[in-house]
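*Asks:* only the shape, not the letters, is given here:
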């Protein structure tokens, strides 16, 4: 009997020690930060160059911690579910709109942001945040189609149209080799574009058409997927993917670097597509708006901003960054579209709760059928 | 007697209070939430703000039947429930088919080996739940040996290739794998108690092996079958991680739908409504299982 | 039936294979020198090295340990009380409260606690909310194990203790507690394992910014599948393996299911 009590005690002791051990490294690394502050960033996955981050940490003598989301809805849902303590978020326009109307953001102090002058005016003053009271443009991405170039040539498929992911005539040649985004808004936007409507169309009958289009194409798709298409495209398991331009850029780079026999390419469909302008905003729950401003201004410097583009191939609204951006990226018309191209792109607007519920219902039907 | 009463309160009150606050109250809150309006942007509308949904005459203190009307407005959500029931039924049956022979074998093995054999069933079940699902991502993946083997076999038969991962098949495999021990354990506990004398008697009366199983072993094991069924069926009904990780374009179950309402659409009231519907489905199933198990259990105990 | 037939053995072996092959694959690939979990390339320990340099993973492991230790201490205390009370007195409400969370699909507990924490307590989700949630569903498991132990015991020893003039407290400390100790330890280890392992309830009640092991694993699986996941998995398997071995040494009743 006594023996079992001793054993019982020993187990807890052991567990306590274990907890203590694993606590050690964390505590060490936090020591600097406790004194000088921590900037807490809620960001897209892989959306900042680690080099840039380290330089900032040295400069401000602080620590930056990041948490990630992979969809705007996820960001909003997590904030609604009580996620707090973030200094900086990087939402896309429509999500930012919601956050502003919820009163969840802290207005910017522009006197602390002298580098704001670097931003290209066409990205300022969006309908989501007139006068940029709350937001500073960070990067842009376009939702488009990425593909295996050799396979497309071999199968003689058109790559400049949404037809590639929606028309059974094309899809039957690439059955099971296609993925689309697991995002209600983005997939609906693609379907609406293909049908000739605006991506922000909320007419229920148009949604109905889009739904039918999606359901007809679905049997040919391998999966709804938000991230692993990057790898699968680069490896050659996937031939076509609906996804973000920066992800496609990464897949292309990975395929090239690992010496594959094919190239991954990406094109903006001629019917139009969505442009996402991600902006840096301050969340009201953040404890260190001072460091957050410092960070925004730091990221507005051309060189720092260019590092992100060079790493992930995102579009860059920063004029001063141009000279630091690799030539092969800055000359890519998909990453840096010209004015005519830009006119074909639309930014997603936010939906109200009734539309959200209807969209969710539509999405459920898409997934069930 | 007073002392006994004091003791009673001393040991039953703390867990009672804890569970009242953190189990009963949250369940009530969920029920209340299902009668509320969603907020314009997320979460819930404030209780007094009935202006958000103008022209709702039945609006009582910001409560509404809206989500229930929406749920029943067409067959879509009922279909999802049916589908989840189908998946749960299939998983349960497969589990039963796999578990029964093993449980029987263990129960009839030498006493010395039984504990080891049952431990071998529990061990994999003790590894992390997600890891057990993830393992199948590797095994069924497009580059895996199994996938290549299956597809070359299909090619030999002149059939088009299939993808094992991200399919209803993968979901079923995952469900069965994750829940199999829940079927084996209660079956074993039941089968272990059977009296071998009955089988000998049946043999003496000329029953063959098959008859001995159907007439003697199986009826006696029904309570174990029912409790195993409940332990597999109910968790599968609410599972979202397996379809989430292994499922393809059509593998949505109630669990995924509920998760989406909270972590995607931000529609808490509807998410709560779906949860309540799931709870009702579980209660009905559990009630049914208990009702099925009761008379037979009585019958088998009288026969022994 | 001394010699169960051949078919039975064959099926049993197949089921054991079905149970173990996936785990073996995970372990083997954790030593694979390739980013892709597809073909065997060569032996490496890199993924383990990477894991131990992954600060977020270490913090997650620490957080999970904190949660599991706290939740199992709480659940063991409350669950033992509940098991004793349910066994000894004719209670109506407590068994329902304790056993329903065990029988319900986890997602329901997760959702209701999320709503409760945010609406009623208005609290920021974090380690505390996860600890509470884990305690809530573990109480039932501990109560089941403790009650099972008590059911197998002879009531007359308690009467004997009373007859010999022991106070209720003395009876408890000197007779009841030592007798149910194996069940308590098994319950503690069980709730520890349940907590370390739990994904669904953690998913709903966790805060953002405090990584927790199952959630990290989920993110790794969903976003970037590298053999690092296999390495974490292998280590976790070793830990739970040790705990289960311990638990079964203390109490054979958990072998008989719940």
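*Replies:* Good, I have the coordinates. Worth saying up front: this structure is predicted, and the values here are computed from it rather than measured.

*Asks:* quick one, phi/psi of residue A:158?
*Replies:* phi -80, psi 130 (degrees, to the nearest 10).

*Asks:* what's the pLDDT at it?
*Replies:* pLDDT, residue A:158: 93.

*Asks:* what of residue B:236?
*Replies:* For residue B:236, pLDDT reads 93.

*Asks:* state the distance from it to residue C:195.
*Replies:* Distance, residue B:236 to residue C:195, using Cβ to Cβ, to the nearest Å: 22 Å. C-beta coordinates here come from the backbone N, C-alpha and C atoms, glycine included.

*Asks:* same question, residue A:88
*Replies:* For residue A:88, the distance to residue C:195 - Cβ to Cβ - is 32 Å.

*Asks:* now do residue A:324
*Replies:* Here the distance between residue A:324 and residue C:195 works out to 49 Å (Cβ to Cβ).

*Asks:* these two: which has the busier surroundings?
*Replies:* Counted by other Cβ atoms under 10 Å in any protein chain shown, residue A:324 and residue C:195 do not tie: residue C:195 has more neighbours, with 27 against 18.

*Asks:* was I right to think that one contacts residue C:66?
*Replies:* No: using Cβ atoms under 8 Å, residue C:195 and residue C:66 do not qualify as a contacting pair, with a distance of 10.2 Å.

*Asks:* what do those two both touch?
*Replies:* Counting by Cβ atoms under 8 Å, 6 or more residues apart in numbering or on different chains, residue C:195 and residue C:66 have no contacts in common.

*Asks:* residue 216: neighbour count?
*Replies:* Going with chain A. Residue crowding around residue A:216 was assessed by other Cβ under 10 Å; the count is 14.

*Asks:* meant chain B, my bad for not saying
*Replies:* Neighbours of residue B:216 under the rule other Cβ under 10 Å: 20.

*Asks:* that one against residue B:200, yeah?
*Replies:* No: counting by Cβ under 8 Å, residue B:216 stays clear of residue B:200, with 10.1 Å between them.

*Asks:* residues touching the residue in the stretch 151-300 of chain A that chain B sits nearest to, list them.
*Replies:* Among all residues of the stretch 151-300 of chain A, residue A:223 sits closest to chain B, at 4.6 Å; criterion: Cβ to the nearest Cβ. Counting by Cβ under 8 Å, 6+ apart, residue A:223 makes contact with A:179, B:166, B:248-249.

*Asks:* quick one: it from residue A:237, how far?
*Replies:* Plainly put, residue A:223 is 11 Å away from residue A:237 if you go by Cβ to Cβ.

*Asks:* ok, now residue A:102?
*Replies:* 41 Å.

*Asks:* between those two, who's got more neighbours?
*Replies:* Comparing residue A:102 with residue A:237 by other Cβ under 10 Å, the one with more neighbours is residue A:237, at 21 against 17.

*Asks:* dihedrals phi and psi, the more buried one?
*Replies:* Torsion angles at residue A:237 (phi, psi; degrees, to the nearest 10) stand at phi -70, psi -30.

*Asks:* wait, it sits on residue B:144?
*Replies:* No: if you go by Cβ under 8 Å, residue A:237 and residue B:144 don't touch, sitting 11.7 Å apart.

*Asks:* what's the following helix or strand after the host helix or strand of residue B:17?
*Replies:* Residue B:17 is part of helix B:2-19, with elements assigned from DSSP states H and E. Downstream of helix B:2-19, the first helix or strand assigned by DSSP H and E is helix B:25-33.

*Asks:* which helices and strands sit right next to that next one?
*Replies:* helix B:268-303, helix C:106-119 (3 or more Cβ pairs under 8 Å, 6 or more residues apart in numbering or on different chains; DSSP states H and E).

*Asks:* gap between the longest one and the chain center?
*Replies:* Mean-position distance between helix B:268-303 and its chain equals 11 Å (Cα atoms, centre = their mean, to the nearest Å).

*Asks:* and that helix, what other elements does it pack with?
*Replies:* helix B:25-33, helix B:66-72, helix B:76-108, helix B:218-238, helix B:254-263, helix C:106-119.

*Asks:* format these as JSON lines; extra columns: distance to residue A:44 and mean neighbour count.
*Replies:* Conversion of the helices and strands packed on helix B:268-303 to JSON lines gives the following (distance: least, Cβ to Cβ, whole Å; neighbours: other Cβ atoms under 10 Å in any protein chain shown):
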{"stretch": "helix B:25-33", "distance to residue A:44": "30", "mean neighbour count": "19"}
{"stretch": "helix B:66-72", "distance to residue A:44": "32", "mean neighbour count": "17"}
{"stretch": "helix B:76-108", "distance to residue A:44": "31", "mean neighbour count": "20"}
{"stretch": "helix B:218-238", "distance to residue A:44": "30", "mean neighbour count": "23"}
{"stretch": "helix B:254-263", "distance to residue A:44": "16", "mean neighbour count": "25"}
{"stretch": "helix C:106-119", "distance to residue A:44": "24", "mean neighbour count": "26"}
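
*Asks:* can you tell me which of these comes nearest to residue C:218?
*Replies:* helix B:254-263 (12.0 Å; Cβ to Cβ).

*Asks:* now do the closest one: distance to the chain's middle.
*Replies:* Worked out by Cα atoms, centre = their mean, helix B:254-263 lies 16 Å from the chain centre.

*Asks:* coming back round to it: for the contacts of residue A:223, work out which two are farthest apart.
*Replies:* Greatest spacing in the contacts of residue A:223, by Cβ to Cβ: A:179 and B:248 (10.2 Å).
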